[in-house]
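Sequence first, then the predicted structure:
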Amino acid sequence: MAAARRLKRVAASQPGFLSLKHSSDPSSLVSSRRKRVNKNKKKNWGKHSDINDVEEFLEDVRLQERTTGGLLSEKSDDSLFFLDVGKPEKPEQKAPEPEPVTGKKRKGKSQRPLRIDLILQHDSQVPPPKDVLSYQQPNAKKLRRIAQKAEQLAGKGVVPRRQKQLLNRRPVDRTVKKAVTEANNNPNRDYYDIWGQQSKESADPWYLQQTGKKRIKRPEKLNEKPSVLPAVEVIAPGGSYNPDFFSHQALLQEAHEIEVKKKKEEDKIERQLAVKKEDKATEEVILREQVEGLVEEENEEEEEEAAAAAPGEDEEDAAVGAISQAEKKTERQRKKERADKLKVQRRLAQKKQIDGQQQLFQLRSIKASIKQQEQNTETKRVQRKANQEAEKAQPRRLGKLKFQPQDLEVQLSDELAGSLRRLKPEGSVLKDRFKSLQKRNLIEPRERAKFKRRLKLKYVEKRAFKEIT
């Protein structure tokens with residue numbers, strides 16, 4: 001009902017509306033007396049509502065759209081009217097001689113469309129509605145969101161992970177063709193005695209494939225060394241049998257720093273395990289512990305009486321607390337809580353808006369902070385890269401034990417020998433190679449297996465020994 005009245009008011013208020021249908025019924029111009037009907041009931045809305053004028057208006061609009069493609073009031077004058085200047089005069093021409101009528105049809109009549117075709121033609125100027133289903137795509141919203149995110153990342157210069165993986169892939173050499181194996185029944189094929197003694201290392205691929213003698217392709221991962229350290233590390237110049245004074249002192253300084261570091265670690269463990277002075281029991285504490293329970297206190301009876309009276313009071317307090325917690329909030333309290341909550345939300349929203357406006361005046365400082373953050377990120381990246389390169393020279397954790405470096409082999413100044421004949425050997429070649437394998441991540445650090453005797457030893461004196469004693 002409300003929609004019909006609204007359309008009626010729109011139709012009446014449109015200026016210059018041209019109607020193709022005009023009602024010539026004089027009874028329609030005479031206003032009939034309005035009936036008094038109860039409009040509160042829904043069943044009376046359509047029964048006692050006059051919407052004929054609205055339907056006529058809408059039908060007229062639809063007719064204009066079908067015939068002219070739009071409303072006549074919106075059309076231009078050139079499309080509605082034309083200037084009639086009469087029939088144009090043609091120069092007089094001699095009448096052609098009448099041609100003999102033959103069985104051919106006239107040219108104009110042959111170009112006219114058939115009546116059945118004219119009936120089937122679409123005579124409405126309203127364009128057909130779009131087929132919404134033909135424009136729909138599965139997961140269109142998700143694909144559009146993915147495309148928008150990709151455009152944002154491209155604007156920031158960020159390469160997606162999938163595209164980065166495609167760029168980092170090794171190019172495949174498509175030019176190399178696989179060896180074509182010859183057919184088994186080829187008569188021009190070379191004869192080879194499979195039971196012969198001669199070896200055929202440069203055999204054809206078919207032979208290697210059939211006999212199983214073709215080598216398996218070695219994975220490239222096996223060609224990479226687990227560590228960048230050399231197999232044999234050359235000792236410093238100070239470890240020679242007749243070293244230079246300064247190089248020998250540098251080696252002694254290095255050995256001294258290692259020993260100092262070990263000493264610090266041992267001292268730290270001792271400090272952590274040592275008993276503090278304040279934790280020791282004094283004589284007073286010892287005496288109090290010894291006489292505890294022997295001396296009766298005077299207020300012991302009073303404490304018992306207080307303890308006996310306390311449970312009743314605690315129960316009453318607990319009952320009162322339970323009653324107070326069980327009370328429901330009033331409607332006024334709830335409205336006040338909601339109002340306070342709305343005030344807090346508005347204040348936070350206003351504060352956020354003010355902060356956003358204030359950031360416009362802090363663009364220079366924000367830009368400087370972003371630049372400083374980028375510099376810090378670049379510095380951390382370089383440091384992280386350097387740490388990764390340094391870790392390549394360090395042994396990795398391959399087992400439950402941690403790698404312990406070998407002790408530095410160095411001689412003191414008074415132990416130096418002037419020649420190889422008087423040189424005293426130090427260390428072990430086997431232990432040095434074993435530590436080198438551990439340091440280069442070829443084997444995991446290990447400990448010597450400890451032998452645990454399950455049965456006790458039993459000492460027995462032999463008879464021969466007893467006779468002597």
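Looks like it arrived, so ask away. Numbering: from 1, shown residues only.

hey, where'd the helices end up in the stretch 51-200 of the chain?
52-68, 77-80, 107-111, 115-120, 132-135, 140-156, 161-168 (DSSP state H, counting those that start in this stretch).

what residue ranges in the stretch 301-450 of the chain are flagged as low confidence?
Within the stretch 301-450 of the chain, the stretches falling below the threshold (pLDDT under 70) are 301-326.

please redo it, this time with the cut-off set to 80
Applying pLDDT under 80 to the stretch 301-450 of the chain flags the ranges 301-326, 418.

Show me the helices in it, by range?
Secondary structure of the stretch 301-450 of the chain (DSSP H, counting those that start in this stretch): helices at 331-358, 363-391, 429-439.

In a markdown table, list these along with distance to residue 252 and mean neighbour count.
Heads up, the C-betas are built off the backbone N, CA and C, glycines and all. Formatted as a markdown table, the helices of the stretch 301-450 of the chain follow (distance: least, Cβ to Cβ, whole Å; neighbours: other Cβ atoms under 10 Å):
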| stretch | distance to residue 252 | mean neighbour count |
| --- | --- | --- |
| helix 331-358 | 64 | 10 |
| helix 363-391 | 26 | 10 |
| helix 429-439 | 20 | 14 |
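
got CSV for those helices, with distance to residue 208 too?
Compiled in CSV, the helices of the stretch 301-450 of the chain are given as follows (distance: least, Cβ to Cβ, whole Å):
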stretch, distance to residue 208
helix 331-358, 73
helix 363-391, 42
helix 429-439, 36
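
picking that back up, so can I have TSV of the helices of the stretch 51-200 of the chain showing mean neighbour count, mean pLDDT and distance to residue 245?
Shown next, in TSV, are the helices of the stretch 51-200 of the chain (neighbours: other Cβ atoms under 10 Å; pLDDT from 0 to 100; distance: least, Cβ to Cβ, whole Å):
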stretch	mean neighbour count	mean pLDDT	distance to residue 245
helix 52-68	15	89	111
helix 77-80	9	83	113
helix 107-111	7	62	121
helix 115-120	8	88	117
helix 132-135	7	78	90
helix 140-156	10	91	61
helix 161-168	9	85	54
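
Which one of the ones you listed lies nearest to residue 234?
Residue 234 lies closest, by Cβ to Cβ, to one member of those: helix 161-168, at 37.7 Å.

between the closest one and helix 140-156, how big is the angle?
Relative orientation of helix 161-168 versus helix 140-156 (axes from the mean of the first three to the mean of the last three Cα atoms, to 10 degrees): 60 degrees.

packing partners for helix 161-168?
Other helices and strands packing on helix 161-168, by 3 or more Cβ pairs under 8 Å, 6 or more residues apart in numbering; DSSP states H and E, are absent; none qualifies.

buried ones in whichever helix or strand comes after that helix?
Sequence-wise, the next helix or strand downstream of helix 161-168 (DSSP states H and E) is helix 205-211. Neighbour-count burial for helix 205-211 flags 206, 207, 208 (criterion: 16 or more other Cβ atoms under 10 Å).

Past helix 205-211, which element shows up next along the chain?
Trace forward from helix 205-211 with DSSP H and E and the next one is helix 245-273.

Pull out the buried positions in that next one.
248, 251, 252, 255.

Restricting to C-alpha, output the helix or strand that comes right after that helix in CSV.
Following helix 245-273 in sequence order, the next helix or strand is helix 283-291 (DSSP H and E). Backbone C-alpha positions of helix 283-291 (Å, rounded to 0.1, in the frame of the first residue of the first chain) are rendered in CSV as follows:
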residue,chain,number,x,y,z
GLU,A,283,74.1,-21.6,67.3
GLU,A,284,70.8,-19.9,68.1
VAL,A,285,69.0,-21.7,65.3
ILE,A,286,70.4,-25.0,66.4
LEU,A,287,69.4,-24.4,70.1
ARG,A,288,65.8,-23.4,69.0
GLU,A,289,65.5,-26.6,66.9
GLN,A,290,66.7,-28.7,69.8
VAL,A,291,64.3,-27.3,72.5
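
Just list what helix 283-291 packs against, helices and strands only.
Here helix 283-291 touches no other helix or strand, going by 3+ Cβ pairs under 8 Å, 6+ apart.

Now do the same for that helix: mean pLDDT, whole number.
When pLDDT is averaged over helix 283-291, the result is 86.

Buried residues of that helix, list them for me.
Under 16+ other Cβ under 10 Å, helix 283-291 has no buried positions.

how distant is it from the center of its chain?
Chain-centre distance of helix 283-291: 65 Å, with Cα atoms, centre = their mean, to the nearest Å.

residues in contact with that helix?
Applying Cβ atoms under 8 Å, 6 or more residues apart in numbering, the external contacts of helix 283-291 come out as residue 281.

hmm, 10 Å instead?
281, 282 (Cβ atoms under 10 Å, 6 or more residues apart in numbering).

which residue packs closest to residue 404, ignoring adjacent ones?
Spatial nearest neighbour of residue 404, excluding adjacent residues (Cβ to Cβ, 6 or more residues apart in numbering): residue 445 at 7.0 Å.

give the contact list for the one you found.
395, 397-404, 434-435, 437-439.

just these now: which is nearest residue 153?
Lowest distance from residue 153 to these (Cβ to Cβ) belongs to residue 397, with 37.2 Å.

contacting residues for that closest one?
Residue 397 touches 403, 441, 444, 445, counting by Cβ under 10 Å, 6+ apart.

What distance do you get for it to residue 403?
Computed as Cβ to Cβ, to the nearest Å, the residue 397 to residue 403 distance reads 8 Å.

Between these two, which contacts overlap?
Contacts common to residue 397 and residue 403, judged by Cβ under 10 Å, 6+ apart, are 441, 444, 445.

Tell me the one among those residues nearest to residue 168.
Out of those, the member with the shortest distance to residue 168 (by Cβ to Cβ) is residue 441, at 25.4 Å.

Just give the number of residues close to that closest one.
Residue 441 has 17 neighbours, counted by other Cβ atoms under 10 Å.

who touches it in this structure?
Counting by Cβ under 10 Å, 6+ apart, residue 441 has contacts 225, 226, 227, 229, 394, 395, 396, 397, 398, 403.

Appreciated, that's everything.
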